[in-house]
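In: quick one, structure for this:
(2 chains)
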Amino acid sequence: MKTIITAKDVSYSINSNLILENISFNIKEGDYIGLIGPNGAGKTTLIKIILDITKPSHGSIEYDCMKCEIGYVPQKASQQDQSFPATVEEIIETGFGKKKLFFSKKTRIEKEMFNSAIKQCGLEGVRKRLINELSGGERQRVMIARALVQNPALLILDEPATGIDIHQQENFYNLLNKLNSQGIAIILVSHDVDAVVEEVKTIMCLKQKIIHQGPAAEFKLDDLQHLYGENFKFIRHHHDHV
Amino acid sequence: MFEILKYDFMIKALIAGVFLSIAITSIGVFVVLKRYSIIADTLSHVSLNGLILGAVIKINPLLSAVLVAIGASVLFEKIRSSKKVYADSILTIFLTAGLALAVLLISTLRNLNLNLTNLLFGSILTISTEDLIIIGFVTTLVIISILLFYKKFFSLCFDEDFEKAMGTNISFYNYLLVILAGLSIGISIQIIGVLLISGLMVIPVVSAFQFKMGFKLSYFIAIFFSLFATISGLVISFTAGIPSGAAIVLVSVAIFALSFVINYKK
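Out: Numbers count the residues shown, from 1 in each chain, chains lettered A, B, ... in the order given. Just a heads-up that it's a prediction; the model follows:
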C-alpha cells in the first residue's frame, strides 16, 4: 500500500509547554486508525498539524498526496447551528473549497464527485431538504459527503459520533467501513474507546507521546489504564452490527 | 403616484434607495447568520461621529461617515479576533461609546449645521449628486465582493473550522465582511437614519429565512423584500410627510409579520 503521510519526530510546544513530543508514524492507503487519548493529550493539535493548519515546532510531515486530498469532518460539525437556512446540496458544495463565483456552475468532474458523495452517504432522498430538517445522523453524513467531494485519500473525523443515537451510530460506522474498503484511509478521533476499538484496524494512543500503536485486535485493558490512569474503569456497551 | 418622479430630490432618493437596499441586504444575509445583527446599530451610531466630523472639517459627511464606519469595523474585528472579549460585548462597547461621543460633540459644537432628526430617522431631502456617486460606488464594490466571495462567506458562516482546515485565510474574509458592513451602513445613514439602519439590514433577511427555501434563494428573496420596503417606504415618506427611515422600517416589519404568519406551520 502507498504511504500517504509520514510524520517524522514531530514535536509541538506553546510557551515552553510541550504538547506533542517526538511523534512519528506513517499513514498508508486503506489504513483505519483510531486516535484515542485523554483530554489535553494533543489529539486536536496533531490533527491540525496533519491538516497543515499548525506548523510543528520540530520535525516534519511529508505528504505523498495533495493536501487538498485530506477530507476533514470537524468536531461538532453535525451540531452546527441547527436553524441554518441552507439545503443539503448547498452545504456539500462548500467542500469543493476553491473559490467559486456566485453564478459559477460545477464542472463535469465536480458534478460526478458531487453526485457520487451524495450517493455514497445515502443522501439522495434528502439532497434538496434544509440541513436543519435532518436528524443528527443524517447531518453527520452530510458532513462526510462534504469532505468526500474532493475525492480524499485520507479522511479525518474528530469526535464524529457525538450527539448521534446508538442506532444511527451503527449506520454511520457502516458508512466509514464502506469508505475504508474503497481504499480511503481514515483517522477516527474519539473518546468512545469501545466503539473505536471495535471499528478500526489500528489504535494509536496519544498522551503527549504515542504510548501505544498497534492492531486494534491486540489492544488490551492495560493499555487503557496506561493511557487514562490506574483509576480508569472500562464499561463496555454493545454495538450490534447490521 | 408618478408625480413624485417630477421632483429631482425624489429621483435621487429612489436611486440611492435601490442601491443601498441591495448593498445593505447583501451583507445583512451574512451578518445575520454570523449572529452579528447588532453590528448595524453599532456601526451606525459610530458613523454619527463621521457625519459630525464631515460637518466640522467641511468634507462630504457621507464620505466621512463611511470612513469612520470602516475604521470602527476594522477595530472591531481586530479586538474580536484576539478572542479576549466576546463579540457582542465589543459591539455594545462601540455602540455606547459612539453614541456618547456623538452626544458630546453635538452638545459642544453648537454652531454645527446638522439636523438631528434627519440624522436619527432619515430624510429623503438630503441626497446630493455627490452622495449618489458615493452610494453607487460602494454598492458596486459590495456586489463585486459578493459575486467573488459569496461561497466563502457562506461556508464561513456555517462552519469556520472546516474552512480553516481547507487552508482558507479566515481573517481576510472576516475583515472583508465587516468592512463591507461598515461601507453599507455608512451610505445608508442619510436615508434610513442612524437609529433605524439595523431594521433594513436584518428584517428583510429574517423575513426571507421564514420561507425555508435554502440559502441562495433566500438571498434573492431578502433583496426583493428590501427593495420593496425601501421604494414603498420612500413613496409613503413623500406622500405622508414622515421620516423616510421610519416608513421603510415599518414596511419591512409588515413584510416580516406577513412572512412569519404565512410560514408559521412550515
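In: how near is B:Ile124 to chain A?
Out: Here B:Ile124 is placed at a distance of 31 Å from chain A (CB to the nearest CB, to the nearest Å). Every residue, glycine included, has its C-beta placed from N, CA and C.
In: that residue: how many residues sit nearby?
Out: Applying other CB atoms under 10 Å in any protein chain shown, we find 27 other residues in the vicinity of B:Ile124.
In: what packs against the worst-scoring helix or strand of chain B on mean pLDDT?
Out: Least confident helix or strand, chain B: helix B:116-121 with a mean of 80, by mean pLDDT, DSSP states H and E. When contacts are defined as 3 or more CB pairs under 8 Å, 6 or more residues apart in numbering or on different chains; DSSP states H and E, helix B:116-121 packs onto helix B:244-262.
In: what about the helix it packs on and chain A, touching?
Out: No. Figure legend: helix B:244-262 not in contact with chain A (CB under 8 Å from any CB of the partner chain); closest approach 12.6 Å.
In: in the first helix or strand past the least confident helix or strand of chain B going along the chain, what counts as buried?
Out: Next helix or strand after helix B:116-121 toward the C-terminus (DSSP states H and E): helix B:129-158. Neighbour counts over helix B:129-158 (16 or more other CB atoms under 10 Å in any protein chain shown) mark B:131-132, B:134-136, B:138-139, B:142, B:145-146, B:149-158 as buried.
In: hmm, helix B:129-158 in reach of chain A?
Out: Yes. Residues of helix B:129-158 contacting chain A under CB under 8 Å from any CB: B:Ile146, B:Leu147, B:Leu148, B:Phe149, B:Tyr150, B:Lys151, B:Lys152, B:Phe154, B:Ser155, B:Cys157, B:Phe158.
In: of the residues you listed, just say which sits nearest to B:Ser226.
Out: When the residues of helix B:129-158 next to chain A are ranked by distance to B:Ser226 (CB to CB), B:Ile146 comes first, at 13.8 Å.
In: isn't that closest one right next to A:Leu101, touching?
Out: No. Taking contacts as CB atoms under 8 Å, B:Ile146 lies outside contact range of A:Leu101: 9.9 Å.
In: now do the strands in chain A.
Out: A:3-14, A:17-28, A:32-36, A:58-63, A:70-73, A:154-158, A:185-189, A:202-207, A:209-215 (DSSP state E).
In: just tell me which of those strands ends up closest to chain B.
Out: strand A:70-73 (4.1 Å; CB to the nearest CB).
In: who in chain B is up against chain A?
Out: B:33, B:146-152, B:154-155, B:157-159, B:161-162, B:164-168, B:209, B:212-216, B:218.
In: output the longest helix belonging to chain A.
Out: In terms of residue count, the longest helix belonging to chain A (DSSP state H) is helix A:166-181.
In: flag every buried residue along that one.
Out: Buried, per 16+ other CB under 10 Å, within helix A:166-181: A:Gln168, A:Gln169, A:Glu170, A:Phe172, A:Tyr173, A:Leu175, A:Leu176, A:Leu179, A:Asn180.
In: which other helices and strands contact it?
Out: By 3+ CB pairs under 8 Å, 6+ apart, helix A:166-181 packs against strand A:32-36, helix A:108-120, helix A:136-148, strand A:185-189, helix A:193-199.
In: just put these in CSV and tack on mean neighbour count, mean pLDDT and distance to chain B.
Out: Formatted as CSV, those follow (neighbours: other CB atoms under 10 Å in any protein chain shown; pLDDT from 0 to 100; distance: least, CB to the nearest CB, whole Å):
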stretch, mean neighbour count, mean pLDDT, distance to chain B
strand A:32-36, 23, 93, 16
helix A:108-120, 15, 89, 13
helix A:136-148, 25, 89, 7
strand A:185-189, 24, 93, 13
helix A:193-199, 19, 83, 21
